[in-house]
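> sequence plus predicted model, see below.
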Amino acid sequence: MTLRKEDGAAEGFSLVDLELAHLLTKGAPHPQGGVALAAALASRQRRVGHPCLLLEEWAGREHGLLGRESAHGALSMPGTCPNLEDWLAELRESGVVAHEGNGGAPQPLVLEAGRLYLQRMHAAEGRVAQALLFRMRPLEPPAGLAELLERVAPQDGDPLQRQAVEAVFQRPFHVLTGGPGTGKTSTVGRMLAVALALEPGLRIRLAAPTGKAAARLQEALGESLGWLPQELRQALSTLPRASTLHRLLHEAPPLDWLVVDEASMVDLGLMDRVLAFLPPHARLLLVGDADQLASVDAGAVLHHVVEGLAGRRVDEGGAPTPMVTTLMASRRFGQDSAIGRLALAVRTGDGEAAMAALRGGGEVEWIQRGDARSGVAFSEALRKGLDPFIKAGSAAEALAALDTFRTICGRRSGPQGVEAVNSWCRRQFQESGMGSFSPVLIRVNDHVLGLANGDSGVREHAPGTGKFHFHTGDTQALSLDEAQVPPHDEAWAITVHQSQGSEADELLLVLPEEASPLLCRELLYTGLTRARKKLVLVASEAALRQALGNVTRRSSGLAGKLQVAFAAAEGEC
């Protein structure tokens, strides 16, 4: 078949994907349809979040491209992906693919263990793996650690918290993961309290991928430390405020410890930059929920690191040291919590338990799409949730209302997507003159103003003002004229991705229809766990069951690289 570039774009291939395929096969001495197809697929996979193309998954499959004959700019490709053996042979003989057989000479594409990478993605993945492995070297536990452990993580407390605090002093890298309310931030506080007690002059920084996540980390850390002895609590209060990772990289401060919260949102490229910036002696702690949605850009670093290292322990002559600690007991959701039961059912893919939690009432309300009253119920839920925001008499009240209620949607466009909900709210409230404010969301990082991608704010509509107001972590809100505000979006509703790192007392979660390819377990789990006290879920039963059964796994070699290297270090291979 012959594919025109404009035809490919309509079938999910961008012009960039097809230009790459055209460039790599232009002037080839013999037809290279399999190479062109593989190059275009690898480029498309990167755009949708996969660092590489797993050839075995695509071999023999229909790739969905419906080409048309064209005399100019056409790409000849097979109608289906070649079988694996023939495809690998064609790639190895193409002259544009680096592989073990040709010594790994630099080429635009890299073939490794049945995975095809764009060269840039392969290099980033290799650097991340090597940097993490370097930080798994053993360290001598500091003198006085045992005594401090008894003060901040006693034997009769949570054994997993104690394990994590102890492990972080035995190697310069550790992963702390767990679901909502399992005590991740409290455990981080214990670690840092011990670190500062042992070495008061440590340069410690806390960071997260978004401004909202950084602010939430700062707030949660302060809330979780009331039980600490006064001198330890005082030491923690002197730490610099949590910032975004992008701001940290921009400032490039000297540091000895780096704590990265909401690490599930960190893509491969950003993790590569963070590890390149981190001094060789510095400790790195990744914190997050590995079951949440992965980053918007390519990679699922936290998930693949956990996959590669979970259960791995190294015995250095004493107690085995774990590389990953997974906290289990939720302190936010008790055994009687409907949200907690639903979150557990979704995380484990238990469809019947999920339906039981949804139908059981309590703090979970299910508006079944397609029901005769679903549209009315949805509108009523929006009106009720936004009522405090609409009635806000000041910017401070409006900003506070944003933390009590949020509407998040599984998709941006389409019925009851972000754009539709924003349009409805604009007509109902802003254009009808109800309320003095509308919510906005910052789309870029602005280091001068101290605003970051993901920061929430409000726009004031009172005559003669036109002001925008934001919380930046200080006690006073930041007020700006319209001309000063970085690019931003209307935010009566936001996407599930945009909601990561934030929470709300009450949450209205709207899932796409069952036909949407966006429906997956991670989307549902991430969305519902933004709720603290009440969840209203708008979805059909078919959409819910599809989401529960669809687990997203991004193609990557990172977990395998860590497993092989770790096994070699243990003498297993």
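That came through, no problem.
> and the helix or strand encompassing residue 538, what does it pack onto?
Taking DSSP states H and E as the criterion, the element that holds residue 538 is strand 531-539. Secondary-structure packing of strand 531-539 (3 or more CB pairs under 8 Å, 6 or more residues apart in numbering; DSSP states H and E): helix 338-348, strand 364-368, helix 374-390, strand 504-510. All C-beta atoms are positioned from the backbone trio N, CA, C, and that covers glycine.
> for residue 346, give me its contacts.
Listed by CB atoms under 8 Å, 6 or more residues apart in numbering, the contact partners of residue 346 are 354, 521, 524, 525, 528, 547, 548.
> make a markdown table out of those residues and add distance to residue 58.
Output for these, formatted as a markdown table (distance: CB to CB, whole Å):
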| residue | distance to residue 58 |
| --- | --- |
| 354 | 32 |
| 521 | 23 |
| 524 | 27 |
| 525 | 27 |
| 528 | 33 |
| 547 | 24 |
| 548 | 26 |
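> how about those residues, which pair is most distant?
Across the contacts of residue 346, the longest distance by CB to CB is 11.8 Å; it joins 528 and 548.
> what residues of stretch 121-128 count as buried?
Residues 121, 122, 124, 125, 126, 127, 128 are the ones in stretch 121-128 that count as buried (16 or more other CB atoms under 10 Å).
> next: stretch 489-506.
For stretch 489-506, the neighbour count (16+ other CB under 10 Å) marks 489-504, 506 as buried.
> cool, stretch 534-542 as well?
Along stretch 534-542, these residues count as buried under the neighbour rule (16+ other CB under 10 Å): 534, 535, 536, 537, 538, 539, 540.
> skip the chain neighbours and tell me the closest residue to the last one.
Sequence neighbours aside, residue 369 is the residue nearest to residue 540 in space, at 4.3 Å (criterion: CB to CB, 6 or more residues apart in numbering).
> was I right about that neighbour contacting residue 544?
No - look at residue 369 against residue 544 with CB atoms under 8 Å: they stay out of range, at 9.8 Å.
> picking up where we left off before, with distance to residue 561 and mean pLDDT as added columns, please give the helices and strands packed on strand 531-539 in JSON lines.
Listed next are the helices and strands packed on strand 531-539 as JSON lines, based on distance: least, CB to CB, whole Å; pLDDT from 0 to 100:
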{"stretch": "helix 338-348", "distance to residue 561": "26", "mean pLDDT": "87"}
{"stretch": "strand 364-368", "distance to residue 561": "41", "mean pLDDT": "88"}
{"stretch": "helix 374-390", "distance to residue 561": "45", "mean pLDDT": "87"}
{"stretch": "strand 504-510", "distance to residue 561": "36", "mean pLDDT": "91"}
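> what about the stretch 151-300 of the chain, any weak spots by pLDDT?
Applying pLDDT under 70 to the stretch 151-300 of the chain flags residues 154-156.
> now the helices for it?
Secondary structure of the stretch 151-300 of the chain (DSSP state H, counting those that start in this stretch): helices located at 159-167, 184-198, 211-223, 230-237, 245-251, 268-277.
> need the winner for burial among the ones you listed.
Burial of the helices of the stretch 151-300 of the chain is given as mean neighbour count (mean count of other CB atoms under 10 Å); helix 184-198 ranks first at a mean of 23.
> please enumerate the helices of the stretch 1-150 of the chain.
Under the criterion DSSP H, counting those that start in this stretch, helices of the stretch 1-150 of the chain are mapped to 5-10, 15-25, 33-47, 55-58, 84-92, 119-134, 145-152.
> can you lay out the ones you listed as TSV showing distance to residue 272?
Converted to TSV, the helices of the stretch 1-150 of the chain look like this (distance: least, CB to CB, whole Å):
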stretch	distance to residue 272
helix 5-10	29
helix 15-25	21
helix 33-47	14
helix 55-58	24
helix 84-92	25
helix 119-134	4
helix 145-152	32
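> give me whichever of the ones you listed is most buried.
With neighbours defined as mean count of other CB under 10 Å, the helices of the stretch 1-150 of the chain peak in mean count at helix 33-47, which reaches a mean of 23.
> which elements pack onto it?
Judged by 3+ CB pairs under 8 Å, 6+ apart, helix 33-47 is in contact with helix 15-25, strand 52-54, strand 74-76, helix 84-92, strand 109-112, strand 115-118.
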